[in-house]
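>>> give me a 3D structure for the following:
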Amino acid sequence: MFMRELVARTMADRFAWFWMIFEPIAFVAVFIAVRSLIRGDRLVIGADFIPWLIVGLMGFFLFREGMTRPVGAIDANRGLFAYRQVLPIDPVLVRIALEGLLRSVVFLIFIVGALLLGFDLYADLPLTAMGAWMSLWALGAGVGLTLSAATALVSEIGRLVRMMTIPLMLLSGVIAPITLKPHHLQQIMLYNPIVHGIEQLRLGFFENYKTVQGIDPLYIWLCALSLISFGLILHMRFVEKLKAR
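Modelled structure (predicted):
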């Protein structure tokens with residue numbers, strides 16, 4: 001099933017790999033153009049703007065793909081449920097694992113490319129960076145597990161999920177440093193676990209990066225494990241309904 005998804009994800013469309021790499025490049029180019037008009041490179045303390053933006057975007061894309069890709073996995077693989085050993089959760093878990101692998105490969109390509117171009121995209125604290133990367137993947141997996149079951153039961157939820165990605169990016173400190181926000185907005189944004197994962201990832205890459213107080217890697221792991229548990233419970237509770245729909 002993993003190989004089937006891998007081939008479908010990377011070979012079904014001749015531009016699949018191109019879009020996986022071009023999309024972050026396009027986002028970076030657009031935001032650099034916009035932020036250069038307001039001298040955005042001076043707004044990040046302890047890190048160069050372009051590497052800072054790349055790290056944030058790649059971390060968010062990892063979470064986003066883990067959240068959105070599993071949503072249609074059950075309907076796309078419904079024919080496989082004729083085999084008794086295949087459960088609705090199986091294609092969901094396969095897509096979560098596959099997206100984590102693909103996004104990690106794309107991030108490594110960006111790191112190598114940035115280093116060759118002379119940008120400082122070397123992780124100062126590799127273990128911190130890897131821990132933050134895994135936490136964002138786990139958070140996306142938890143949301144993806146939950147939404148895959150909910151969407152299979154109520155199809156309208158899938159439309160809402162696709163509408164959520166841009167607002168989530170704006171509310172997660174991906175584009176603009178959250179240190180620029182008023183203090184009361186910072187405290188509200190800290191309820192968003194994505195903020196903790198992305199800021200922790202940036203701290204792993206830029207040792208001198210100045211972020212807001214209250215960033216806690218434990219918080220994102222608690223949210224991720226809670227959502228994973230809830231998603232697994234939904235799949236266990238409604239397994240027959242998910243097969244029948």
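
>>> tell me which element the most centrally placed residue in the chain falls in.
Within the chain, one residue has its C-alpha closest to the average C-alpha position: by Cα atoms, centre = their mean, that is Phe63, at 1.4 Å. Under the criterion DSSP states H and E, the helix or strand holding Phe63 is helix 49-68.

>>> any buried residues in that helix, and which?
Residues of helix 49-68 classed as buried under the neighbour-count rule (16 or more other Cβ atoms under 10 Å) are 49-68. No exception for glycine: its C-beta is placed from N, CA and C like everyone else's.

>>> residue contacts, the residue nearest to the centre of the chain?
Under the criterion of Cβ atoms under 8 Å, 6 or more residues apart in numbering, the contact list for Phe63 reads Leu136, Trp137, Leu139, Gly140, Val143, Ile194, Gly197.

>>> how far out from the middle of the chain is stretch 142-152?
Taking Cα atoms, centre = their mean, to the nearest Å, one finds the center of stretch 142-152 at 15 Å from the center of the full chain.

>>> show me what the lowest-mean-pLDDT helix or strand in the chain is packed up against.
Least confident element among the helices and strands of the chain, by mean pLDDT, DSSP states H and E: helix 16-37 (a mean of 76). Packing contacts for helix 16-37, counted by 3 or more Cβ pairs under 8 Å, 6 or more residues apart in numbering; DSSP states H and E, involve helix 2-10, helix 49-68, helix 89-116.

>>> circling back: now the helix holding Phe63 - C-alpha only, CSV.
Extracted C-alpha coordinates of helix 49-68, given in CSV (Å, rounded to 0.1, in the frame of the first residue of the first chain):
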residue,chain,number,x,y,z
PHE,A,49,15.4,36.7,6.8
ILE,A,50,15.6,34.3,3.9
PRO,A,51,16.8,31.2,5.8
TRP,A,52,14.3,32.1,8.6
LEU,A,53,11.5,32.2,6.1
ILE,A,54,12.5,29.0,4.5
VAL,A,55,12.6,27.1,7.8
GLY,A,56,9.2,28.4,8.8
LEU,A,57,7.6,27.6,5.5
MET,A,58,9.0,24.1,5.3
GLY,A,59,7.9,23.4,8.9
PHE,A,60,4.4,24.6,8.1
PHE,A,61,4.1,22.7,4.9
LEU,A,62,5.1,19.5,6.8
PHE,A,63,2.2,20.1,9.2
ARG,A,64,-0.2,21.1,6.4
GLU,A,65,0.4,18.1,4.2
GLY,A,66,0.1,15.8,7.3
MET,A,67,-3.3,17.5,8.0
THR,A,68,-4.8,17.6,4.5
